[in-house]
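Peer 1: Sequence first, predicted coordinates after that:
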Amino acid sequence: MIEEPQLTLRYCDNADELDALEPLWNALQQHHAEVLPTLGSKTPPRETTGAWERRRAKYEHWLEDPETFFVAAEDGGGLIGYAFVTVSAGFAAWATGRLANLETLSVLPQYRRRDVGAKLLGAAWSKLADNGIDEMAITTAITNVDSHRFYERHGFEQAFVVYYGKRTE
């Protein structure tokens, strides 16, 4: 029998708390490297440290916007997952309102398939609802079929295909 984590969720909007996310980002980076070993046909994943430094810099920049936040999931032993959310004006070509972007959803491997991701997503939706935002976009790797099923179970539909190219000269 798998024991359910004693989950505590909290909202964060302070860059001082970003360092705690590094192990979770690294777990996601490793997962991405497994499900999508190359971006396109020639671009390998970054080393974990370089990937975290780049992502952390993005998080710091995004947190300058007062609507940006992340939800941290903790059990008795520490941080086990997080959802990082930004907000934009919405799509220009479609009649959307302000649009949330789920930039990152990461759960440590040993806690996956135990409802942690669903609870993080629910907490993000709750905070967005408090701010009058009821639309969210997510980008996921084409080969990450588990994430596709997860988001579809939670009411998301595929809407875009992202192409990646690399100049050959």
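Peer 2: Yep, it's here. Values in this document were obtained by computation on a predicted structure and should not be read as measured data.

Peer 1: List the buried residues for the helix or strand of the chain with the lowest mean pLDDT?
Peer 2: Counting by mean pLDDT, DSSP states H and E, the chain has its least confident helix or strand at helix 22-35, which shows a mean of 85. Neighbour-count burial for helix 22-35 flags Glu22, Pro23, Leu24, Trp25, Asn26, Ala27, Leu28, Gln29, His31, His32 (criterion: 16 or more other C-beta atoms under 10 Å). Placement of C-beta: from N, CA and C, glycine included.

Peer 1: Any idea how far apart the tips of stretch 44-53 sit?
Peer 2: 17 Å (C-alpha to C-alpha, to the nearest Å).

Peer 1: List the buried residues for that stretch?
Peer 2: Neighbour-count burial for stretch 44-53 flags Pro45, Thr48, Ala51, Trp52 (criterion: 16+ other C-beta under 10 Å).

Peer 1: Report the mean confidence score over that stretch.
Peer 2: On average, the pLDDT along stretch 44-53 is 79.
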